[in-house]
Structure formats: structure tokens, C-alpha cells
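1. this one's structure only:
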């Protein structure tokens, strides 16, 4: 990535995160409820594995959405960072399971939890556009992960965000993974066609 492209993404990331950070606790809670009520039209079976994430900073909390998908029969998982610059691993998780602090202090299932390859991944993000591109936090973990797991099976990527994180255009690069959906408290964007 050129320094100009990185600088542009950094500027977009900072602005989008500032808008996200400005939301009140009540606005965040209401948005999480609205997102749980607006699930994409996904086929869920007892063998479907949905990976969410443990929210950090001001990220939208996907737990209610995950619980709704579990009520439809999905198994749940959370990501874990095994090492810097590696792809994520996903481990089975049930609400109430004890989580441990991972490499960057992010909560994740313990190393003893069963490692799985999810069918659906809920993706946190800093910003997104209406073409399905996202700005993450700059570590490349999700891009590396999708590049790896999609070699073995199709995986649906769903960006989960507040509506204020939408931007006109993300400067997407060839290695950036396009999302299949973005789900906000206001809308569901479908980028599969």
C-alpha cells in the first residue's frame, strides 16, 4: 500500500471513529437492538457457525444479534489472534462462557475452545461504503483471514456498524476483502450481486 493510500485510509478511519465515539450510551444500546431485529436473509441450520466479536472501544455490540442467530439454530464462535500479522482463528463460544484477554487485550475464547471455520462472520469496522468496502483498524487481520478461509469454503462477511460510519468511498486495494452485507441500525446493504 502506498503511503498516500495509507494516509487517506488513516484520515477516513479517524473521522469515522470520531463520529462513532460521539454516540451516546443510549444510542449505542438502541442501535444494537435495532441490528438484532434486522438480520440478513440467511439460511441458518444447526451446522451453521456464526462468528461474531467481542466489542472494543465504541464498536457496536453484536451479542444480541448473535443470540438471535443462535436461537435460529446457529453455533457461535469468536475470533482469537494467535500472533501478530497472522490470520484470525475462530473458536466456539456460548454466551456465558468465560473469555480471556488475548494478544491485544481483546476478549476471546480460551485456547482450549474448539477451533472452527465459520460460515458467517460478523465483521467490526471503522468505516464502510455502499460498494461493500470497509476501513478496518489497519492490522489486516480480517483481510488475511478471509483470504485463507475462503480457500476451503465460502464464508459470508457481514460488516456490523452504526449508520454514522458510512462514508462516500473507501479507497479499496486489491487485497481488501469486499463485504457481502453491511448491517446498521437503519439499513441492510446487500453487496452480493
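-> Sure thing, it's come through. Everything quoted here is computed from the prediction, not taken from an experiment. Numbers count the residues shown, from 1 in each chain.
2. could you use CA atoms for every contact and neighbour count after this?
-> OK.
3. quick check: closest non-adjacent residue to the spatially most central residue of the chain.
-> The centroid of the chain falls nearest to residue 123 when counting by C-alpha atoms, centre = their mean (1.1 Å). Spatial nearest neighbour of residue 123, excluding adjacent residues (C-alpha to C-alpha, 6 or more residues apart in numbering): residue 159 at 4.6 Å.
4. ok so that neighbour is a strand residue?
-> Yes - counting by DSSP: H, G, I helix; E, B strand; the rest coil, residue 159 is located in a strand.
5. that one: neighbour count?
-> For residue 159, the count of nearby residues is 25 (other C-alpha atoms under 10 Å).
6. for this protein, which spans come out with low pLDDT?
-> Applying pLDDT under 70 to the chain flags residues 1-6.
7. go again using 80 as the cut-off
-> 1-6, 173-175, 193 (pLDDT under 80).
8. quick one: the helices in it?
-> 3-21, 25-37, 63-71, 141-149 (DSSP state H).
9. compare the ones you listed and give me the one nearest residue 82.
-> Residue 82 lies closest to helix 141-149 among the helices of the chain, at 10.7 Å (C-alpha to C-alpha).
10. centre of the chain to that closest one, how far?
-> How far helix 141-149 lies from its chain's middle: 12 Å, per C-alpha atoms, centre = their mean, to the nearest Å.
11. with stretch 95-104 instead?
-> 17 Å.
12. the residue nearest to residue 123 and residue 120 touch, don't they?
-> No - between residue 159 and residue 120 there is no contact under C-alpha atoms under 8 Å: 10.7 Å.
13. hang on, the earlier thing: list the contacts of the residue nearest to the centre of the chain.
-> By C-alpha atoms under 8 Å, 6 or more residues apart in numbering, the residues touching residue 123 are 52, 53, 142, 157, 158, 159, 160.
14. which among the residues you listed gets closest to residue 65?
-> Of the contacts of residue 123, the one sitting nearest to residue 65 (C-alpha to C-alpha) turns out to be residue 52, at 8.9 Å.
15. distance check, that closest one against residue 15.
-> 25 Å (C-alpha to C-alpha, to the nearest Å).
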